[in-house]
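1. With the input below, show me the fold.
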Amino acid sequence: MADGLGSGLDHRVLVLAPTGKDSALAQAVFERAGIACQMCTDLARLCQELDAGAGAVLVAEEAVIQDREDCLARWLSAQPPWSDMPVLVLARPGAESIGVARAMDLLGNVTVLERPTRVAALVSAVRTALRARQRQYQIREHLAERERAEATLKSSDRRKDEFLAILAHELRNPLAPISNALQILRINPTSHPETDELVEMMERQVNHLVRLVDDLMEVSRISRGKIELRRELVDLSAVVRSAMESSRPSIDAARQLLKASLPKTPMLLEADPVRLAQVLANLLNNAAKYTEPGGNIWLTVRPEGRVVTISVRDTGTGIPAHMLSKVFDPFTQVQPHAGRGRGGLGIGLTLVKNLVELHGGSVRALSDGPGKGSEFVVRLPLAAVAKSSGAPETEGTPAPRLSRHRLLVVDDNRDAADSMGLLLERLGAEVQVAYAGSEALLTLETFHPIAILLDIGMPGMDGHEVARRVRKLPGHEDTTLIALTGWGQREDVIRTQMSGFDYHLIKPLDLKTLEKLLSSIDSSPANGGVEAEADASLRREPEA
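-> Numbers count the residues shown, from 1 in each chain. Predicted coordinates:
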């Protein structure tokens, strides 16, 4: 088309002239000007053609007056947000008429051309209208592209969530038997202190790994600053030791000397021990990263009234004065290209700040400048508690006894099933183990457990189908069904509830959680049935 006005139905002008002669003249004028046009005999035909596509409308004033049903006005009012169809009204000569006023009130984007109109003026007005329409098409394409991009992002985000859910499930499966084995070792401590210390170390590291797996499912909440703290009464010294142990490989690899100074009296905080250890480990790792080999790092903890101050100081590269207020900003690198591979995403200190503030504390950075080391000072509120021992309860308490419980463990992962069965037996329970859904149903013909710990993702007959069939077995309608699975998203919890489960627990199992759950079950020796608490509901441990 001439003048780059485009081609196709969307780039034509629809013409409803006063008379047939005028229509023929207009068509000849537009054809000579290279403007695609479509002649319409009445408004009904014009509205039909609008549905097919148009770039502008040229209509006689008389047609607007005769449009008693407001056909054209209704079509224009139904346009999408990006569209504002140009309407050119050929007005009769003379003073302002009712038709022109009506057109301007009802039709929106109106240009009035008084008859008789010079050919050049008519062609110019139509071309201007078509160019304006082209700009609207550009807006349409932009909006469509944005919608496609949003759809792509949503699809990508959905695939990411699916991937993280599968990854978390696959990681939890091997973690479950490891965690079970460690808990068995904790129940029966050895006579060798070094072995017991190694068990404690492995248990701490497994717990850290479990939380890292949990963090895979918190990506969306972290990006929105919604991190859930699991608060408990903790002794800060234990948290500090855990953080030092986590950071020790980096410090030792750089041949650096870490000097820790801790008060002898317990310092109790209402805090998430894993998140707090993450804060301190991040600060220690940051110090190790920016301190030269052979340098020094000091970690000092001191109570100050109702708060405790934690200082991590180093002899490293230091921080320029203008960067002290920016080091906690996301993706900030103080010296992005300084040696020893000191790269990274620049989110470690951001997480430190967010986690400290979630605990009701504060953190600040100090430095005398480049080459003069740096110091990060964290202040946290102490817990307002009064304990006669002055220390929180330790994990060395006797293991719960489950002598009154008859349990069935069902899992196609033999390591997970066997280790869980052995753990429950060590706690005094009578346990049967099955490695498939069909085997579990056969076991229930002669074995009457008060509860079944049932895996979900089993081949053949999955846990959902097993649960539905158990609910139909005579004598097992009220057996407590516990989903023990690596799947932990909210929809997974809802699905287990719909399948007939009473509780949903996530691998690896927290022994205290299971003990508390089973303690709510009142067993009946006569028939092996169970009765849950009156207000018992599905135990939810869903992820983001």
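2. Dump the C-alpha coordinates for stretch 355-362 into PDB.
-> C-alpha atoms of stretch 355-362 as PDB (Å, rounded to 0.1, in the frame of the first residue of the first chain):
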ATOM      1  CA  LEU A 355      17.300 -12.900  58.900                       C
ATOM      2  CA  VAL A 356      18.700 -10.800  61.700                       C
ATOM      3  CA  GLU A 357      15.800  -8.300  61.400                       C
ATOM      4  CA  LEU A 358      13.300 -11.200  61.300                       C
ATOM      5  CA  HIS A 359      14.700 -12.100  64.700                       C
ATOM      6  CA  GLY A 360      14.100  -8.600  66.000                       C
ATOM      7  CA  GLY A 361      17.800  -7.600  65.800                       C
ATOM      8  CA  SER A 362      20.100  -5.400  63.800                       C
END
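3. Rounded mean pLDDT for it, please.
-> Mean pLDDT, computed over stretch 355-362, is 92.
4. If you count neighbours, what's buried in that stretch?
-> 355, 356, 358, 359, 361 (16 or more other CB atoms under 10 Å). Backbone N, C-alpha and C define where each C-beta goes, glycine included.
5. And for stretch 477-484?
-> 479, 480, 481, 482, 483, 484.
6. How many neighbouring residues does the residue nearest to the third one when sequence neighbours are not counted have?
-> Leaving aside its sequence neighbours, residue 481 sits nearest to residue 501 (CB to CB, 6 or more residues apart in numbering; 4.6 Å). Under the neighbour criterion other CB atoms under 10 Å, residue 501 is assigned a count of 26.
7. okay but residue 501 is in contact with residue 480, surely?
-> No. With contact defined as CB atoms under 8 Å, residue 501 does not reach residue 480; the gap is 9.0 Å.
8. what's the overlap in contacts for those two?
-> Common neighbours of residue 501 and residue 480, using CB atoms under 8 Å, 6 or more residues apart in numbering, do not exist here.
9. can you map out the helices along the stretch 51-200 of the chain?
-> 61-66, 71-77, 98-106, 119-187, 193-216 (DSSP state H, counting those that start in this stretch).
10. can you list contacts of stretch 75-82?
-> So stretch 75-82 is contacted by 47, 50, 51, 85, 87, 106, 107, 108, 136, 139, 140, 143 (CB under 8 Å, 6+ apart).
11. ok, these vs residue 305, which is closest?
-> residue 143 (58.6 Å; CB to CB).
12. where are the low-confidence patches of the stretch 101-250 of the chain?
-> 161, 190-191, 208, 211-212, 214-227 (pLDDT under 70).
13. same thing but 90
-> Within the stretch 101-250 of the chain, the stretches with pLDDT under 90 are 101-117, 152-230, 245-250.
14. Following the record's annotation, map out the domains of the protein.
-> Split into domains by automatic domain parsing, the chain comes to 2-117, 165-226+397-544, 239-381.
15. between the ones you listed, which gets nearest to residue 128?
-> domain 2-117 (8.1 Å).
16. rewinding a little: can you list the buried residues of stretch 355-362 in CSV and add distance to residue 492?
-> Rendered in CSV, the data for those read as follows (distance: CB to CB, whole Å):
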residue, distance to residue 492
355, 27
356, 32
358, 27
359, 30
361, 35
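17. Save the residues you listed as JSON lines, and put in secondary structure and distance to residue 349 too.
-> Conversion of those to JSON lines gives the following (DSSP: H, G, I helix; E, B strand; the rest coil; distance: CB to CB, whole Å):
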{"residue": "355", "secondary structure": "helix", "distance to residue 349": "11"}
{"residue": "356", "secondary structure": "helix", "distance to residue 349": "10"}
{"residue": "358", "secondary structure": "helix", "distance to residue 349": "15"}
{"residue": "359", "secondary structure": "coil", "distance to residue 349": "16"}
{"residue": "361", "secondary structure": "coil", "distance to residue 349": "15"}
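18. Separate out the buried members of the contacts of stretch 75-82.
-> Among the contacts of stretch 75-82, those buried by neighbour count (16+ other CB under 10 Å) are 47, 50, 85, 87, 106, 107, 136.
19. secondary structure class for residue 45?
-> Local secondary structure at residue 45 is given as helix here, using DSSP: H, G, I helix; E, B strand; the rest coil.
20. Number of residues surrounding it?
-> Counted by other CB under 10 Å, the residues lying close to residue 45 total 14.
21. From residue 254, how far out is it?
-> 83 Å (CB to CB, to the nearest Å).
22. Could you tell me the angle between whichever strand or helix holds residue 241 and helix 193-216?
-> Secondary-structure assignment from DSSP states H and E places residue 241 in helix 236-253. Per axes from the mean of the first three to the mean of the last three CA atoms, to 10 degrees, the angle that helix 236-253 makes with helix 193-216 is 90 degrees.
23. Need the contact partners of helix 236-253.
-> Counting by CB under 8 Å, 6+ apart, 201, 204, 208, 258, 260, 262-263, 266-269, 271, 273, 276-281, 284-285, 288-289, 297, 299, 301, 308, 310, 380 sit against helix 236-253.
24. Repeat the analysis, applying 6 Å as the threshold.
-> 204, 258, 262, 267, 269, 273, 276-277, 280-281, 284-285, 288 (CB atoms under 6 Å, 6 or more residues apart in numbering).
25. Out of those residues, which is nearest to residue 172?
-> residue 204 (17.9 Å).
26. Show me the shaky parts of the stretch 401-544 of the chain.
-> Low-confidence segments of the stretch 401-544 of the chain (pLDDT under 90): 401-405, 413, 415-416, 423, 425-429, 457, 475-478, 485-493, 506-544.
27. what's the answer for the stretch 251-400 of the chain, then?
-> Checking the stretch 251-400 of the chain against pLDDT under 90 turns up 252-254, 264-266, 274-275, 278, 282, 285-286, 289, 321-355, 358, 384-400.
28. Would you map the helices across it?
-> Residue ranges of the helices in the stretch 251-400 of the chain, as given by DSSP H, counting those that start in this stretch, are 273-289, 348-358.
29. Any idea which of the helices of the stretch 51-200 of the chain gets closest to residue 520?
-> The nearest among the helices of the stretch 51-200 of the chain, by CB to CB, is helix 119-187 at 20.5 Å.
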